[in-house]
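Engineer: structural data only, the sequence is not supplied:
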């Protein structure tokens, strides 16, 4: 029952993030670049729930984004699914208590998402390569994502530990022995 409520809350959060990205951040952007809050959401779901749940949410949210804003079906799904899978690896190897570690995770996943998204769009749509513009967008979006993570970290951490307790339980000793 609690997992169902958590999933409903995560779906509502994803809907609110879509509304924020499509409306609010159109007005408050940095040099025309908006943050990608879906990367942060999938990262935190994978970190606190599990690798499988993060991958599933990444693929489902990616398919929805592909239908709404994508040019080809599957690009966002593949990229966000990879972020969900990668965040499960981060969970096993890094601490979620350090804000600096979380910032590096957001930094890395944003770069991985954008490079893979750009590469897949290049392969599938044969767009021209504009490296300087891409690097500018990548740097600004990464900075924006990190700033939003710093601001929202206390809220995300409390909700994340609640999700982790419900999905993983109290398995601290079994994790190390």
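Structural biologist: Here it is on my side, so go on. Only a predicted model underlies this, so the values are computations on that prediction, with no experimental measurement involved.
Engineer: all contacts plus neighbour counts: C-alpha atoms, from now on.
Structural biologist: Fine.
Engineer: show me what contacts the residue nearest to the spatial centre of the chain?
Structural biologist: Centroid-nearest residue in the chain: residue 39, 2.0 Å away (criterion: C-alpha atoms, centre = their mean). By C-alpha atoms under 8 Å, 6 or more residues apart in numbering, the contact list for residue 39 reads 80, 83, 106, 109, 110, 113.
Engineer: what's downstream of the helix or strand encompassing it, the next helix or strand?
Structural biologist: Using DSSP states H and E, the element containing residue 39 is helix 37-48. For helix 37-48, the following helix or strand on the C-terminal side (DSSP H and E) is helix 51-68.
Engineer: what comes up buried for the following helix or strand past that following helix?
Structural biologist: Per DSSP H and E, the first helix or strand lying C-terminal to helix 51-68 is helix 75-93. By neighbour count with 16 or more other C-alpha atoms under 10 Å, helix 75-93 contains the buried residues 75-88, 90-91.
Engineer: for stretch 117-136, same thing?
Structural biologist: Quick answer for stretch 117-136 (16+ other C-alpha under 10 Å): 117, 119, 120, 121.
Engineer: for that stretch, measure first residue to last.
Structural biologist: With C-alpha to C-alpha, to the nearest Å as the measure, the ends of stretch 117-136 fall 15 Å from one another.
Engineer: what helix or strand is residue 15 on?
Structural biologist: Here residue 15 is assigned to helix 2-19, by DSSP H and E.
Engineer: next, the angle from that helix to helix 37-48.
Structural biologist: 160 degrees (axes from the mean of the first three to the mean of the last three C-alpha atoms, to 10 degrees).
Engineer: so what touches helix 2-19?
Structural biologist: The contact list for helix 2-19, computed with C-alpha under 8 Å, 6+ apart, reads 37, 38, 41, 61, 163, 166, 167.
Engineer: now do the helix holding residue 39 and helix 75-93, the angle between them.
Structural biologist: 30 degrees.
Engineer: okay, the angle between helix 37-48 and helix 51-68?
Structural biologist: Between the axes of helix 37-48 and helix 51-68, defined by the same axes, to 10 degrees, the angle is 160 degrees.
Engineer: pLDDT on helix 37-48, on average?
Structural biologist: The average pLDDT within helix 37-48 is 92.
Engineer: for the spatially closest residue to residue 60 that is not a sequence neighbour, give its distance to residue 153.
Structural biologist: Residue nearest to residue 60 in three dimensions, not counting chain neighbours: residue 77, with 6.7 Å by C-alpha to C-alpha, 6 or more residues apart in numbering. From residue 77 across to residue 153, the span is 25 Å (C-alpha to C-alpha).
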